[in-house]
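J.: Build me a model from this:
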Amino acid sequence: MRTLIKLVVAALIIHGSWRTGTAYWKYYKFRDNLQTTAQFAGDRTVPELHARVMGLASELDIPVMPEQVNVRQEENFTFIDAAYTDQIEILPRYFYPWEFTVNVQAFTVKVR
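T.: Okay, here's the model as predicted:
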């Protein structure tokens, strides 16, 4: 009986770690893609960059709303800010709202 309890606790810890790790993996991929988007923005307009951010979020299944994304350009710099809340299943059928914030700034390279 004792071994069974240990196995159940270990399974719950592995489950929660896997779900949390997967959510952070998506966050880091999203952040890296936003960094690349900002760096190589070139002559793209703010609405084009905003659409690109939303497309990346859709590809990675990130639950970000359009009003939670802020894109701005100043001279040779591009700034992208995004925030979202992901529901992470820490325990089976127990979801915890985890807030993620992405703040990216990059010197914009003009590609010719």
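J.: buried sites along the helix ranked longest in the chain?
T.: Secondary structure of the chain per DSSP state H: the longest helix is helix 2-39. For helix 2-39, the neighbour count (16 or more other CB atoms under 10 Å) marks 16, 19-20, 23, 26-27, 30-31, 33-35, 37-38 as buried. In short, each C-beta sits where N, CA and C put it, glycine included.
J.: Whichever helix or strand comes after it - contacts with which helices or strands?
T.: Following helix 2-39 in sequence order, the next helix or strand is helix 46-59 (DSSP states H and E). Counting contacts by 3 or more CB pairs under 8 Å, 6 or more residues apart in numbering; DSSP states H and E, helix 46-59 packs against helix 2-39, strand 69-74, strand 77-91.
J.: Just give me the closest of the buried residues of helix 2-39 to residue 44.
T.: residue 37 (8.7 Å; CB to CB).
J.: In contact with the closest one: list those residues for me.
T.: Residues in contact with residue 37 (CB atoms under 8 Å, 6 or more residues apart in numbering) are 49, 52, 53, 56, 80.
J.: How about the residue most central in space within the chain, nearest residue that isn't a chain neighbour?
T.: For the chain, the residue sitting closest to the mean C-alpha position, by CA atoms, centre = their mean, is residue 27 at 3.1 Å. Closest residue in space to residue 27, ignoring its immediate chain neighbours: residue 100 at 5.0 Å, by CB to CB, 6 or more residues apart in numbering.
J.: do residue 95 as well
T.: Take residue 95 and drop its neighbours on the chain: the residue closest to it by CB to CB, 6+ apart is residue 87, 4.3 Å away.
J.: measure the spatially most distant residue from the centre of the chain to residue 102 for me?
T.: The C-alpha centroid of the chain is most remote from residue 1, which lies 41.5 Å away (CA atoms, centre = their mean). From residue 1 over to residue 102 the distance is 46 Å, taken as CB to CB, to the nearest Å.
J.: Over to residue 66?
T.: In this view, residue 66 and residue 102 are 15 Å apart by CB to CB.
J.: Would you mind telling me which of these two has more residues around it?
T.: Per other CB atoms under 10 Å, whichever of residue 66 and residue 102 has more neighbours is residue 102, with 23 against 10.
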